[in-house]
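# got a structure for you, letters missing:
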């Protein structure tokens, strides 16, 4: 190996890129801050928008714990820390919601709130669309009536 090749090889070996690529949707949208804002906004909309009155009615009056559990779930679902699983185990979403009637009305109201929350908290259109495209089948899977 010539001295030039050795120098080039050492230079590449020691060179660390200052660019780091996010490796999950969680990172790409802004990590904990944006994920928490998305979840909070979702429940703010559900709590105050007349278009979500039926969805709001199936929740307890105090949404504090529900908001936190949703944030924990979304953190892991978006590829961030699996907070929900660490605390409660596998989400088993459908089973955990069997105690409430999840029909087309509930699904459409949930999607309405989530769409608004995404539009208001996730600035990148392509990321919003990617999240939305993955939430649609999840929401439809929850149907139990």
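Yep, it's here. Not measured: the values here are computed from a predicted model.
# And for residue 26, nearest residue in space, chain neighbours not counted?
residue 80 (3.2 Å; CB to CB, 6 or more residues apart in numbering). (C-beta placed from N, C-alpha, C; glycine too.)
# quick one: secondary structure of that neighbour?
Three-state call for residue 80 (DSSP: H, G, I helix; E, B strand; the rest coil): coil.
# Which residues are in contact with the spatially closest residue to residue 104 that is not a sequence neighbour?
With CB to CB, 6+ apart as the criterion, residue 104 has its nearest non-adjacent residue at 7.3 Å, and that residue is residue 143. Counting by CB atoms under 8 Å, 6 or more residues apart in numbering, residue 143 touches 102-104, 107.
# Low-confidence ranges, this structure, go.
For the chain, applying pLDDT under 70 flags the ranges 1-22.
# most centrally placed residue in it?
residue 74 (3.7 Å; CA atoms, centre = their mean).
# my read: that residue touches residue 40, true?
No: at 10.8 Å, residue 74 does not count as touching residue 40 under the criterion of CB atoms under 8 Å.
# ok, back up a step: what sits against the residue nearest to the centre of the chain?
So residue 74 contacts 35, 38-39 (CB under 8 Å, 6+ apart).
# Do a quick rundown of the helices in this protein.
3-14, 25-29, 31-48, 53-57, 64-77, 83-88, 93-96, 104-121, 125-141 (DSSP state H).
# Any figure for the gap between residue 134 and residue 60?
27 Å (CB to CB, to the nearest Å).
# Tell me which of these two has more neighbours.
Taking other CB atoms under 10 Å, residue 134 and residue 60 do not tie; residue 134 has more neighbours (12 against 8).
# any idea how far stretch 65-73 is from the chain center?
Distance, stretch centre to chain centre, for stretch 65-73: 11 Å (CA atoms, centre = their mean, to the nearest Å).
# Over to stretch 131-143?
For stretch 131-143, the distance to the chain centre is 12 Å (CA atoms, centre = their mean).
# And stretch 92-103, by the same measure?
Taking CA atoms, centre = their mean, one finds the center of stretch 92-103 at 19 Å from the center of the full chain.
# End to end on that stretch, go ahead and measure it.
Terminal residues of stretch 92-103 are spaced 18 Å apart (CA to CA, to the nearest Å).
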